[in-house]
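Peer 1: When you get a sec, could you give me coordinates for this:
(one chain, ligands or ions: 3)
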Amino acid sequence: CESCYSPANEVIHERHVRRMQPGAQDATVGPRAPLEWGQLNFLHTTDTHGWLEGHLKEQNYGADWGDFVSFSRHMQQKAGNLGVDLLLVDTGDLHDGNGLSDAVSPNGLLSNPIFDEIEYDVLTIGNHELYLTDIAYETFSNFSKVWGTKYVTSNVQIINPNTGVFEYIGNQYRYFTTAHGLRIMTFGVLYDFTGNSNVSKVIKAATMVQQQWFLDAVNYDEPIDLFLLIGHNPVRTTDYSNTLGLVQKTIRSMRPSTPVQIFGGHSHIRDFQVYDESSTALESGRYCETLGWLSMSGINSSTFTGNIKPRGVANPSRKPSNTSTNGLVYSRRYLDWNRLTFEYHATNSQASTFDYHSGLRVTGDITDVRKELNLSALYGCAPATYCESCQKFGAPGNIFSLTSIALGATVVNASRSTVPRYIIVNTGSIRFDLVKGPFTYDDSFIVSPFTDAFQYIANVPYSMAKNVINGLNGAAVQDKRNSAGSLFGSMPLPSSKDSCLDPTLGLEGETESDLKARGITRRQTTVSPGYVTSDDFGTDGDDTPHSEIPSYSQPNYAQGNASFPTDGTTPDVVDVIFLDYFASTVVSILNKLGGTYTIADVSYYLDPSFTTQSYLPAYAKMAWQANVPNCPVGEGVGFSD
Ligand SMILES: O=c1ccn([C@@H]2O[C@H](COP(=O)(O)O)[C@@H](O)[C@H]2O)c(=O)[nH]1
Ligand SMILES: [Zn+2]
Ligand SMILES: [Zn+2]
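Peer 2: Ligands and ions are numbered 1, 2, ... in the order given. Here you go, the predicted structure:
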């Protein structure tokens, strides 16, 4: 291994000191085969939510943004060598989920410049860029200016603070020609999001596809070889918030045979759907766990100067359907976000080491920002791991069993502390598992990043109040999540030095028999728990094979309670406390239960500066500080600063 032992790399890996977890095996299966390269290739990120430091507690997703910078440079170089095009795409949701993005105001102030180090070709906006006005303006005034014509927000506008007039946050479309002459028209479409603050406007896809500018862009007066439709928008057309299907259909009705290549996000899953014989759609997970790869060949273009079948590498071979005759072929792959994967796929880019200076610099910047924000400051030591979906709701290791206790203990208004109370949160407010061991400032954003405040209706008759939670959970689904990963199932990769390219993995293009000819018989490897994806092309999309993690569906709302009589009697009235995020839903549920409440009956239970970001740190300080001296730092945890 040429790259792993350089002094510079030592420094990098110090940041990622990760010990083997008990029971971990010393060999983990890496990528299953080299990537297939076509005429046009894509790397896709989505829903990064600030996780640019990588997963410090899960080595399977342990690469950081600096590693991705180096990897993407290798892949660009490789594309150049092969005489093909490589495009880099991001589909939004850059904040809410990690201290690196969220421990500053506005969110993203320090993480966006790190994110900007990737040479993306096109990007689009997520709903998390629009919930809060200051973040929306940070996106408009800074982020969109950095990216210029590459930031495509076809249906999202904001009030320009200088003119008072709505204008597009980015551009309505991007028409460009690739390095090898493909002419591409790009649209960026956010799903029909309605939770934005009132400075922005999300134009419904059904309206957008009728707008004259859109029709003109589809019928552009320059030739179009391919439509690139990107969206913060689930790719599965059966998903309730998918609107990409409508946009694709509209393009198809006007352009019967031009390929439409789609990239989506928002539902945080790995997915790939074939829309028709020249349209496919890829979604690449969440939180820097997945890097999406898509390649295709067979695009008709009079100006393409590159290779349709690059030599010396595998090529895409899958037709969208058995009956396709248009010559288009595809491959898709979901790469696990770790250095083993990146180093494996970066081979043969003619660079002698994996780390580029630019990548090392970005890793250094992440370390500096983590230090500046004091992200490893400790609130306490969690006695166990609590997961979002790997345990049944109500089980002791389910995170909503913990939140129920933590809410009861911390959401207390001194003047009403003796009044019995229910405290209700939406389960979607919890974004990640909480891991046994050190619970840091960073972890507080990872687990519960939002700033939703606690409101209440006082003195609700108990007979009504006790049914609110069931009413909410039977109510319209507001928070359907579709998460695919869990820390419970994670297993570390070999630590720093061991994460060098495994020689038994084989070289670019090598088959099992080539390996045998070189005298290599693969050693017994262990399939670690992780993503097991099934999509329209089958079950071979995961680049690293995994065993499946149990996943239980959870209700949309969960509650804690406090100050109820301990003698078995029931109170006459209770305070019903909930988040401002869904206050109007609670009012309507209470009214369905026989109440006559209005939003005027709702007030803040606590100062609104105490939010969903506050109660777990408050609980950790209260309940987990005594454990700190004996905290098992070794449980997969390495601190960078
Ligand atoms: O203030 C908020 C904002 C959002 N949520 C939760 O987040 C999801 C949306 O997240 P995506 O990453 O866009 O999928 C929303 O459905 C809520 O569950 C929140 O709780 N509070
Ligand atoms: Zn998201
Ligand atoms: Zn989203």
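
Peer 1: which element follows the lowest-mean-pLDDT helix or strand in the chain toward the C-terminus?
Peer 2: Using mean pLDDT, DSSP states H and E, the weakest-scoring helix or strand in the chain turns out to be helix 7-14, at a mean of 27. Once helix 7-14 ends, the next helix or strand along the chain (criterion: DSSP states H and E) is strand 40-45.

Peer 1: what's in contact with that next one?
Peer 2: Residues outside strand 40-45 that contact it (CB atoms under 8 Å, 6 or more residues apart in numbering): 72, 75, 79, 84-91, 118, 178, 182, 226, 261, 263, 282, 284, 288, 291-297, 299. The way it works is simple: take the backbone N, C-alpha and C, and place the C-beta from them, glycine included.

Peer 1: Thr149 is in contact with Tyr168, correct?
Peer 2: No: with contact defined as CB atoms under 8 Å, Tyr168 does not reach Thr149; the gap is 11.5 Å.

Peer 1: more neighbours, those two?
Peer 2: Tyr168 (21 against 13; other CB atoms under 10 Å).

Peer 1: Quick check: phi and psi on the closest residue to Ser551 other than its chain neighbours?
Peer 2: Closest residue in space to Ser551, ignoring its immediate chain neighbours: Ser389 at 4.9 Å, by CB to CB, 6 or more residues apart in numbering. Backbone torsions of Ser389, given as degrees, to the nearest 10, read phi -140, psi 0.

Peer 1: Just to be sure, which of the contacts of strand 40-45 are found in helices?
Peer 2: 72, 75, 79 (DSSP state H).

Peer 1: re earlier: relative to Gly397, how far out is the residue nearest to Ser551?
Peer 2: 11 Å (CB to CB, to the nearest Å).

Peer 1: now Ala583
Peer 2: In terms of CB to CB, Ala583 sits 31 Å off from Gly397.

Peer 1: now Thr367
Peer 2: Distance from Thr367 to Gly397, by CB to CB: 32 Å.

Peer 1: From the neighbour counts alone, determine which of those two ranks first.
Peer 2: Using other CB under 10 Å as the criterion, Thr367 and Gly397 rank with Thr367 on top: 19 against 16.

Peer 1: after the helix or strand where Thr341 lies comes which helix or strand?
Peer 2: When elements are assigned from DSSP H and E, Thr341 belongs to helix 339-345. Reading on from helix 339-345 to the C-terminus, the next helix or strand found by DSSP H and E is helix 357-373.

Peer 1: What is that next one packed up against?
Peer 2: In terms of contacts (3 or more CB pairs under 8 Å, 6 or more residues apart in numbering; DSSP states H and E), helix 357-373 is packed against helix 7-14, helix 65-82, helix 99-102, helix 112-115.

Peer 1: List the buried residues of the last one.
Peer 2: When burial is assessed from 16 or more other CB atoms under 10 Å, helix 112-115 yields the following buried residues: 112, 114-115.

Peer 1: tell me what that helix is packed against?
Peer 2: helix 357-373.

Peer 1: Leu228 contacts Val122, doesn't it?
Peer 2: Yes: between Leu228 and Val122 a contact is recorded at 6.5 Å, counting by CB under 8 Å.

Peer 1: Overlap in contacts, the two.
Peer 2: Contacts common to Leu228 and Val122, judged by CB under 8 Å, 6+ apart, are 87, 89, 186.
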